[in-house]
Each structure stands twice: as structure tokens, then as C-alpha cells.
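[1] I would like the atomic coordinates for the input below:
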Amino acid sequence: MKTHSIFGKALVIAFISIIAVSAASAKGKKYGLFVGINAYAGGINPLKGCVNDATKMQNAMVTKFGFKAADTTLLTDAAATREAILANLQKYQALAGVGDLLVFHYSGHGTLFPDSYSEEQDETKLIYMETPGDDGKMEVMYERGTYDSAIVPVDARSRTSGKAWRNLILDDELYAIFSAVTRKGAQVVLISDSCHSGSIERAIPKDVQFRAQSLATVFGVRRFSELDLEKPAAKTVSKTPPPAKGLYVAMTGSKDDEFSLDASFGGVPMGLFTSKLLANMPPAPTPKKPVTLTYDKFMAAVSKAVAEQATTWDSNQNPQLNAQFGNPKMTIFSVPSGK
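    Numbers count the residues shown, from 1 in each chain. A predicted model of the protein is given here:
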């Protein structure tokens, strides 16, 4: 009888342990969406390194930072539509909870869209850009005004969204999703290897490309003045609440007035920014040597490496860390403390 009692207690202890382990594994989940687009069409310049960027970043998150492959999604080329990108972000928005982490990595073209035609007028920085046309004369690339930055899905020219900006994804739309995730107590990390403004007057090697397209090119017209934009959409009464303090970090490939570069490294096409992110990541952690690198130190090393390489190509590219609503001293790709 005593033996049975001890055996029964052992079963109870084992059962409690299993529950505890399951509960622990349910906390601090890591989700990731990785988007890379090379195969643009319809006059939008194709790129070469974006699919590699997204694939390698997803692999790094799984092998080095504890992401489960089943909790990540990879969208490349034809699969990277506006609907698919937003649907997956909204899926993770619903799944994420206190103490979780959501990483969104985008590699592809960026552009600008007039803020006056968006639903939320929140931009204050005036931008004016000219570029040499085919005849050598300067043409307006962007009239003086305020603009939302936007990522360019593979179907950007389509009008299926019903929005004035067609199937672009505006920073306002991403911001609303990320803000909602942080208000649930989850960490958000945005990584964008794209660009949306800058000067294209510099001479760069022929095997290096800019990851930017003017809105005129994206929408299939010759110049900005030919854009036939729909009337401004209905305006929102209230602005999107800011992200919860300490829970939002953005790492972007360049300043607002610079381009991000697409090139080849060791014969492998990649984005300059993403290639340096991967090169400066620590090795996979071990019990004796966990990852301790913080966002500020990580980006300081990455920015230095990118700027030095860009200079050799007669270009300027300086990646930026935006931790206004985040904690730059937090260990990279770690989960926040829960309740």
C-alpha cells in the first residue's frame, strides 16, 4: 500500500511538473513575419537580394533567438501581397499577449504617399525632391509637401484595397497594428530594409541598386504631375494611440533622405543593411554564454559597418534605431517581462 501511495505521489508530482513546464512555455512566445520581394513587375524595378534577406532573417530568429518555425511566416514575391502582409500581421496581433514578442522584417521597395490623401494627417516634415529625367532636365519627383512612408507590396498598383493609396501599405497602417500589439503587453520590433526618399544623383556600381521607387513609377505614370490620385479618403477623428512605453523598437536601413542599397556579398545578393545585421548578430546562445547584446550596441555596430561600405560605393546610408517608445538597453530579440 505504501509503495502504491509513493507511486501515486510521483505521478501527481510529474503531472504538476508537466503543467508547470507547459505554462512556462506558453509565456514569452516569439512571433515573426518576414517579407522579401524581388519579382516586381509592370515597370517597378525588380530587386535581387530581398528574398535572401527575408529567408536568412527568419532562419536567424529560429536558430539563434528561440523562435519556433511554426510561429513564423515567410512571404516572398507573388505571395507578398498587401492582403497577405496585413492578414498575417493581424493574425499575430490577435495571438500576441503579455510578455510575447513580434518581429516584422520587410525587405523590398519603399516609396512616399501624400499625407493629405491618407486617412490620418500626422506628418509634419516637408519634403521636396527632383531627379534628372531622360533628357537630363530636372523633374519633380515629389512636390513640396508632407508624405507618409510606405512599403511596396508586389501588388502595389492594384486598387483592391479601396484606398486612395491603392495597395501600398502606409506607415499609419503598420503603426496602428504595432501600437495595438504593445498595448496588450507584447514587444514589437520592426526591421525595414527599404527606403522611401533621398537623392539619386550619386554614381554607384552597376551591380548595386537603390531600394526605392517614386510613387509615379509605382503607379505607372511618367512623372509626379501625371498622378491621378483619388479624392482624399475620409479622415479619422482621433489619431492612433502611441505604442505602450518600452515596447516598440524600429531598426531601419537608412535615414529619411537616403536610399537603402541592394548589392552582392560573396556572390549572394542581399540588402546592405540586412547583411550587416546578420554579420553582427552573436552566435547561437549556450547555457554558459547567453545573448547579452543590446539594441543600442547592436545598431551602433551595424550602422558603422553599413556607412563604411556605402561610402566605398560613393553613396550614403546610415541605419537608424528608433527607440522613442522602446528600451534600447534591452537584449536583442528577447521577450519583455510579463505581469
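
[2] what average pLDDT does stretch 57-71 get?
    The average pLDDT within stretch 57-71 is 98.

[3] and that stretch, end to end?
    One end of stretch 57-71 to the other measures 14 Å (C-alpha to C-alpha, to the nearest Å).

[4] same question for stretch 313-330.
    With C-alpha to C-alpha, one end of stretch 313-330 sits 33 Å from the other.

[5] gap between that stretch and the chain center?
    13 Å (C-alpha atoms, centre = their mean, to the nearest Å).

[6] so where do the helices sit in the stretch 201-339 of the chain?
    Remark: helices assigned in the stretch 201-339 of the chain by DSSP state H, counting those that start in this stretch are 215-218, 272-279, 295-312.

[7] nearest to residue 30, of the ones you listed?
    When the helices of the stretch 201-339 of the chain are compared by C-beta to C-beta, helix 295-312 sits nearest residue 30, at 15.7 Å. Any C-beta I mention is one placed from the backbone N, CA and C, and that applies to glycine too.

[8] quick one: residue 58 is in a helix?
    Yes - under DSSP: H, G, I helix; E, B strand; the rest coil, residue 58 sits within a helix.

[9] wouldn't it be in contact with residue 75 here?
    No - the criterion here is C-beta atoms under 8 Å, and residue 58 misses it with residue 75 at 10.3 Å.

[10] tell me the contacts of residue 114?
    Applying C-beta atoms under 8 Å, 6 or more residues apart in numbering, one finds that residue 114 lies in contact with 145-148, 229.

[11] for my notes, confirm residue 90 occurs in a strand.
    No - remark: residue 90 does not belong to a strand; assigned using three-state DSSP, it is helix.

[12] and it, how many neighbours does it have?
    13 (other C-beta atoms under 10 Å).

[13] next one: residue 100
    Counted with other C-beta under 10 Å, residue 100 comes out at 24.

[14] list the contacts of it.
    Residue 100 neighbours (C-beta under 8 Å, 6+ apart): 28-31, 185-187, 335.

[15] of all these, which comes closest to residue 165?
    residue 31 (26.4 Å).

[16] pretty sure the closest one is touching residue 93, no?
    No - contact criterion C-beta under 8 Å: residue 31 and residue 93 do not qualify, at 9.4 Å.

[17] can you give the distance of stretch 101-121 from its chain's centre?
    10 Å.

[18] and the helix or strand where residue 140 lies, which residues are buried?
    Residue 140 belongs to strand 138-151 when assigned by DSSP states H and E. Neighbour counts over strand 138-151 (16 or more other C-beta atoms under 10 Å) mark 139-142, 146-151 as buried.

[19] pLDDT of that strand, averaged?
    84.

[20] for it, packing partners?
    strand 110-114, strand 126-132, strand 169-170, helix 171-182 (3 or more C-beta pairs under 8 Å, 6 or more residues apart in numbering; DSSP states H and E).

[21] go through these and pick out the most buried.
    strand 110-114 (a mean of 26; mean count of other C-beta atoms under 10 Å).

[22] on that earlier part again, the contacts of residue 114: which two are farthest apart?
    146 and 229 (14.6 Å).

[23] in the stretch 1-150 of the chain, which spans are helices?
    2-26, 50-64, 82-95.

[24] residue 170: what's its closest spatial neighbour, skipping adjacent residues?
    Among residues not flanking residue 170 along the chain, residue 148 sits closest, at 4.6 Å (C-beta to C-beta, 6 or more residues apart in numbering).
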